[in-house]
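>>> Sharing a model prediction with you, sequence too.
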Amino acid sequence: MKKKIAVLSGDGIGPEVVAQAIKVLNAIAGKYNHTFEYTEALAGAIAIDVTGNPMPDETLKVCLESDAILFGAIGDPKYDNDPNAKVRPEQGLLKIRKEMGLFCNIRPVTTYDSLIDKSPLKEDRIKGADLVVYRELTGGIYFGEKGRKNNDTTAYDNCEYSVIEIERIAKPAFEAARARRKKLTLVDKANVLETSRLWRDVVKKMASEYPDVEVDYLFVDNAAMQMIVNPVQFDVILTENMFGDIISDEASVITGSLGLLASASMGAKTAMFEPCHGSYPQAAGKNVANPVAAILSAAMMLDHFQLFDEANCIRKAVKKSIDEGIATVDINNQNPKNTSTVGDYIAKFVGESSSVTA
Ligand SMILES: NC(=O)C1=CN([C@@H]2O[C@H](COP(=O)(O)OP(=O)(O)OC[C@H]3O[C@@H](n4cnc5c(N)ncnc54)[C@H](O)[C@@H]3O)[C@@H](O)[C@H]2O)C=CC1
Ligand SMILES: CC(C)CC(=O)C(=O)O
Ligand SMILES: [Mg+2]
């Protein structure tokens, strides 16, 4: 199979972790006789530095001409710390999500038995936790009208959702629940927010089409607490943009590190594969960041290409590296390995392993 992949490494640790994902993809290509062609394009702070635009038209063009997008992370303290910045790296990420119609962000939260003791949460509460967050990605408060008024003494961010926006993410979430443990939890704030009440109306109506799926409704504040005390109860979590952003970072604590959480952003025009973490500027250039989230995002890209054996081969290699302690400091502070050492190990195992069952 031949595939064209747009590579948007971005800022901070983005280039380091994406380099490991590409290393692993190349090992897959060699082993299974595929051709992956990569086209790099600018995004984020680096794109602002070079072009003045965090998501240049040229980058969007490369993405549209590719079969999928591999994304690193964007964000830089020089913008985060400047309240007057006219343009910000994060605007580039929001732009590509909107322009490519990437409304469905899928964030699997997978635990590894050998990492159970790395989580600050109690072992008996998290053992066996296996959930996936379906996060709406192109609507809600991140995309509403925002601004200042009253002489800069008031600021606002508008939150809107339409029935269509809710239905199109609820459908794949219900389908996922049907294929998994048949439970869907809608996380909202319907006791306060009108948008959340619309989410509940739509999900309640759709639930009748999925009688085999148990549907549960939780307010986000309770859900955040339940995620810590009883994460095993969750199967598929369906939620809006901002709640999904927050609750998925929280869920990463169950696994042991945010550096393990991959995601797929599916949409109308294309699909983008991105770690859940940000640009982690404190680690940039130090070769210490965990590349697993980026590598598992590449595995999700292979699923998207229907290359399931290849994707599972990567997952098996990741598990092996974790079980063997070939892992970065966030999950192995006794004998930490570098970002590139972990990438090398996983790529080598992919190249040499014979079995494809994850
Ligand atoms: N998708 C994206 O491009 C995102 C970009 N950002 C941007 O990233 C910058 C930093 O934001 P933060 O809030 O600090 O979030 P962050 O996700 O970059 O880092 C938060 C913490 O998570 C841990 N962490 C994250 N990635 C890791 C990895 N690969 N390996 C090991 N540990 C890891 C570290 O302890 C880090 O201090 C900001 O400019 C922010 O806007 C934030 C989130 C997502
Ligand atoms: C710019 C932010 C919305 C990115 C983020 O935190 C995320 O998508 O998880
Ligand atoms: Mg986030």
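Arrived safely. Residues are numbered from 1 along each chain as shown. Ligands and ions are numbered 1, 2, ... in the order given.
>>> my guess is residue 213 meets residue 183, correct?
Yes: with contact defined as CB atoms under 8 Å, residue 213 reaches residue 183; the gap is 6.9 Å. In this view, the C-beta of every residue, glycine as well, is placed from N, C-alpha and C.
>>> what about residue 123, neighbour count?
Residue 123 is flanked by 9 other residues according to other CB atoms under 10 Å.
>>> Where does the nearest residue to it once chain neighbours are set aside sit: helix, strand or coil?
Once flanking residues are discounted, residue 123 sits nearest to residue 116: 5.2 Å by CB to CB, 6 or more residues apart in numbering. Following DSSP: H, G, I helix; E, B strand; the rest coil, the label given to residue 116 is helix.
>>> which residues are common contacts for residue 213 and residue 183?
The contact sets of residue 213 and residue 183 overlap at residue 177 (CB atoms under 8 Å, 6 or more residues apart in numbering).
>>> returning to what we had before: what about the residue nearest to residue 123, how many residues close to it?
19.
>>> How about residue 328?
For residue 328, using other CB under 10 Å, the count is 23.
>>> In this structure it contacts residue 338, no?
Yes: proximity of residue 328 to residue 338 meets the contact threshold set by CB under 8 Å, at 7.3 Å.
>>> Overlap in contacts, the two.
Common neighbours of residue 328 and residue 338, using CB under 8 Å, 6+ apart, are residue 288.
>>> Residue 213 and residue 183: which is more packed in?
A count of neighbours by other CB under 10 Å puts residue 213 above the other of residue 213 and residue 183, at 21 against 16.
>>> Now that one, what are its backbone angles?
Main-chain torsions, residue 213, degrees, to the nearest 10: phi -100, psi 130.
>>> In contact with it, which residues?
Residues in contact with residue 213 (CB under 8 Å, 6+ apart) are 174, 177-178, 182-184, 207.
>>> State the pLDDT value of it.
Residue 213 is assigned 98 on the pLDDT scale.
>>> try residue 358
43.
>>> So the residue of the stretch 151-300 of the chain found nearest ligand 2, which state does it fall into?
Among all residues of the stretch 151-300 of the chain, residue 245 sits closest to ligand 2, at 4.7 Å; criterion: CB to the nearest ligand atom. Secondary structure for residue 245, judged by three-state DSSP, is helix.
>>> Ramachandran coordinates for the closest residue to it other than its chain neighbours?
Leaving aside its chain neighbours, residue 245 sits nearest to residue 135 (6.8 Å; criterion: CB to CB, 6+ apart). Backbone torsions for residue 135, taken as degrees, to the nearest 10, come to phi -110, psi 130.
>>> so residue 135 sits right up against residue 239, yeah?
Yes: judged on CB under 8 Å, residue 135 makes contact with residue 239 at a distance of 6.0 Å.
>>> Break the protein down into its structural domains.
Using automatic domain parsing, the domain parsing of the chain gives 1-103+258-358, 120-255.
>>> Starting from residue 248, give me the distance back to residue 18.
Look at residue 18 and residue 248: by CB to CB, to the nearest Å, they are 20 Å apart.
>>> which stretches of the protein form helices?
14-32, 45-51, 57-64, 77-80, 89-99, 123-126, 163-179, 194-207, 220-229, 241-255, 292-304, 308-323, 339-352 (DSSP state H).
>>> Of the ones you listed, give the one that comes closest to residue 105.
Proximity to residue 105 (CB to CB) singles out helix 241-255 among the helices of the chain, at 6.7 Å.
>>> residues in contact with that closest one?
105, 107, 109-112, 115, 119-121, 126, 129, 131, 133-143, 187-189, 220, 223-224, 227-228, 231, 237, 239, 258, 260-261, 263, 276.
>>> Next step: these restricted to strands.
Residues from those lying in strands, with DSSP state E as the criterion: 105, 107, 109-110, 131, 133-136, 187-188, 237, 239.
>>> Next, give me the two most distant ones among the residues you listed.
For the ones in strands among the contacts of helix 241-255, the farthest-apart pair by CB to CB is 110 and 188; their separation is 24.7 Å.
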